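Undergrad: Show me the folded form of this:
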Amino acid sequence: MSPLQRKSVFANIVENSCFGIGLAAPWDIDRFGISFCLRQAAEEALAEIPLDDAIVVFDGKRPLTTEVPAYQCMVKGDVLLPSVAAASVVAKVIRDELMVCLDSLLPGYEFSAHKGYGTQTHLEAIGCLGITAQHRRSFLRRVLEQALF
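TA: Okay, here's the model as predicted:
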């Protein structure tokens with residue numbers, strides 16, 4: 001789905017769904033790793049919703065560590081299940097809105113254009129403007145290593 005398509009169904013999903021939101025800070029990802037932070041964010045989101053009779057589907061193959069009555073990891077869950085696709089839409093719309101806010105706080109990095117992906121334009125902006133607290137050092141280190149070899 002395009003960003004415009006996601007935004008057009010977002011309100012309907014939010015009005016008709018039970019969901020929670022979990023976030024991971026870039027400095028936590030650098031410190032603890034992406035896998036750990038994904039699990040933590042999933043557990044934060046799950047803490048916001050009643051799980052009594054729920055079956056939780058986690059998009060991917062990394063198991064959770066929380067005590068969820070019933071859950072399953074499903075690779076490509078967003079393609080296979082409408083509920084996981086809806087969760088993906090909610091996550092992406094929220095991420096896009098966060099990037100727009102970040103763009104207004106840190107002009108020049110074009111966060112609202114690339115939405116957090118390491119585009120060439122964004123990497124050039126980092127070269128000119130420097131690294132901020134919102135940049136994952138682990139990602140930048142990997143990009144630099146790939147550029148050198």
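Undergrad: isn't residue 9 right up against residue 92?
TA: No: in this structure residue 9 lies outside contact range of residue 92 using Cβ atoms under 8 Å: 11.1 Å. No exception for glycine: its C-beta is placed from N, CA and C like everyone else's.
Undergrad: what does stretch 47-56 contact?
TA: By Cβ atoms under 8 Å, 6 or more residues apart in numbering, the residues outside stretch 47-56 that reach it are 18-21, 46, 64, 68-72.
Undergrad: Which elements pack onto the one helix or strand residue 127 maps to?
TA: According to DSSP states H and E, residue 127 maps onto helix 120-129. If you count contacts as 3 or more Cβ pairs under 8 Å, 6 or more residues apart in numbering; DSSP states H and E, helix 120-129 packs onto helix 111-114.
Undergrad: What are the contacting residues of the helix it packs on?
TA: Residues outside helix 111-114 that contact it (Cβ under 8 Å, 6+ apart) are 96, 99-100, 102-103, 119, 121-122, 134.
Undergrad: any idea which element residue 95 lies in?
TA: Here residue 95 is assigned to helix 82-105, by DSSP H and E.
Undergrad: now for that helix, which elements pack on it?
TA: Helix 82-105 packs on helix 3-15, strand 56-59, helix 77-80, helix 111-114, going by 3+ Cβ pairs under 8 Å, 6+ apart.
Undergrad: Alright, that wraps it up for me.
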